[in-house]
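J.: 3D, please:
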Amino acid sequence: DLTTVPPALKRKGIPGAHSSIQIVRTQPEEQDKTAKEMYFLATDTAANATGYLYIENQYFQYQEWAERLIQARKNVMARWKAACAAAGKTKGDMPLLHVFVVMPVAERDQMVPRTYDTLAVLGQQAGMTGQSELIDKENKRVHTGVSRGGMVYTKPKPTVVEYANGIDKPSIAALEQKYGLKVAVAMLQSSGYDQRRMRYREIYIHSKLLLVDDSFFSLGSANLNQRSMAVDSEINLATNDARRAKELRQKIWGKLSGETVDGKDGAPAEIAEAFFEWEKTMKANLQRKLELQRMTGFL
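T.: All right, here's what the predicted structure looks like:
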């Protein structure tokens, strides 16, 4: 009934609220790639700030996005370096951007290389232990053979290995020193007693959430992969509702960490502390698993 106004549209606005909401899509038939534009614009904005970037996504497989973040931070660091002398600062005074990534374990073999490649750009490939071992093994293998005529020839390495070898993989130290970035990547598991035994189960993530510095967030169907950015039909909402962004950050971080980390009010020092505690919680939970103990939260 187009003559009836939905009740939700009649609600009065919150005093002092001036946020806006935009619908962004990937719709190939209409050449609509505003979802990709939103991801990139939000990333550029985050790179210019010194707070945090939070990504929770079913598919963390978009190498182009990771390269965009690195390039944006390169530009920021170059501007900072150029202005240091006049401001009486050094490169070491540059505030850090903290990046939090929450993703599931890649569930199909063909997804593993793309996930590895995206993480590798951010210096986080070590978390993909199976793929890292495969690449190391292939790199150490002697790729030679002998033809029927007795000629020795070199066999090509698998394509995924050759491609991975070509990625510039910054160390954790270089990531911080060169780009002013600290990155934490988490996968989620639950823990609990079942039949008198402590058991652990992977939590599969289907959400697609992007949060930037308590000032912007996007939520919808767009995965962080090539298909969602260019081929599939996707739709997200994007808003600069700072109040909701802060509420989401506190609620989600608190839930994932067992109510031990929520970033408090989101000040740079509080985000830096949250990042430290986030990584500390992940390491502690790995140890608890080895000791068959209950985890704190799900990180």
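
J.: And the strands in the chain?
T.: 21-26, 52-57, 60-61, 97-102, 144-146, 152-154, 181-186, 189-194, 197-202, 208-212, 216-220, 224-225, 234-239 (DSSP state E).

J.: and of the ones you listed, who's closest to Arg249?
T.: Set against Arg249 and scored by C-beta to C-beta, the strands of the chain come closest in strand 208-212, at 5.6 Å. Where you see a C-beta, it was placed from the backbone N, CA and C, and this is true even at glycine.

J.: partners of that closest one in the sheet?
T.: strand 52-57 (antiparallel), strand 216-220 (antiparallel) (DSSP bridges).

J.: That one relative to strand 234-239, how many degrees between them?
T.: Computed with axes from the mean of the first three to the mean of the last three C-alpha atoms, to 10 degrees, the direction of strand 208-212 lies at 30 degrees from that of strand 234-239.

J.: Please point out which parts of strand 208-212 sit buried.
T.: By neighbour count with 16 or more other C-beta atoms under 10 Å, strand 208-212 contains the buried residues Lys208, Leu209, Leu210, Leu211, Val212.

J.: The second one reaches Ala42, doesn't it?
T.: It stands for Leu209. No - the pair Leu209 and Ala42 fails to qualify as a contact (C-beta atoms under 8 Å) at a distance of 11.7 Å.

J.: shared neighbours of the two, anything?
T.: Ser218 (C-beta atoms under 8 Å, 6 or more residues apart in numbering).

J.: Flag the shaky bits of this structure, pLDDT-wise.
T.: Along the chain, segments meeting pLDDT under 70 span 1-2, 8-9, 13-18, 145-150, 152-153.

J.: Point to the residue nearest the middle of it.
T.: Val101 (3.4 Å; C-alpha atoms, centre = their mean).

J.: what is that one paired to in the beta sheet?
T.: Here Val101, judged by DSSP bridges, has bridge partners Ile55, Val185.

J.: wouldn't it be in contact with Val183 here?
T.: Yes - judged on C-beta under 8 Å, Val101 makes contact with Val183 at a distance of 6.9 Å.

J.: what touches both of those two?
T.: Residues touching both Val101 and Val183 (C-beta under 8 Å, 6+ apart) are Gln124.

J.: Could you export the buried residues of strand 208-212 as TSV, including distance to Leu122?
T.: Shown next, in TSV, are the buried residues of strand 208-212 (distance: C-beta to C-beta, whole Å):
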residue	distance to Leu122
Lys208	19
Leu209	18
Leu210	16
Leu211	17
Val212	17
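
J.: quick one: the longest helix anywhere in the chain to chain centroid distance?
T.: In the chain, with assignment by DSSP state H, the single longest helix is helix 63-87. Its chain's average C-alpha position is 19 Å from that of helix 63-87, according to C-alpha atoms, centre = their mean, to the nearest Å.

J.: Likewise for stretch 287-299?
T.: With C-alpha atoms, centre = their mean, you get 23 Å for stretch 287-299.

J.: didn't Leu53 look like it was pressed against Asp213?
T.: Yes - under the criterion of C-beta under 8 Å, Leu53 makes contact with Asp213 at 7.5 Å.

J.: Looking at those two, which has the bigger crowd around it?
T.: The residue with more neighbours, out of Leu53 and Asp213, is Asp213; 25 against 22, by other C-beta atoms under 10 Å.
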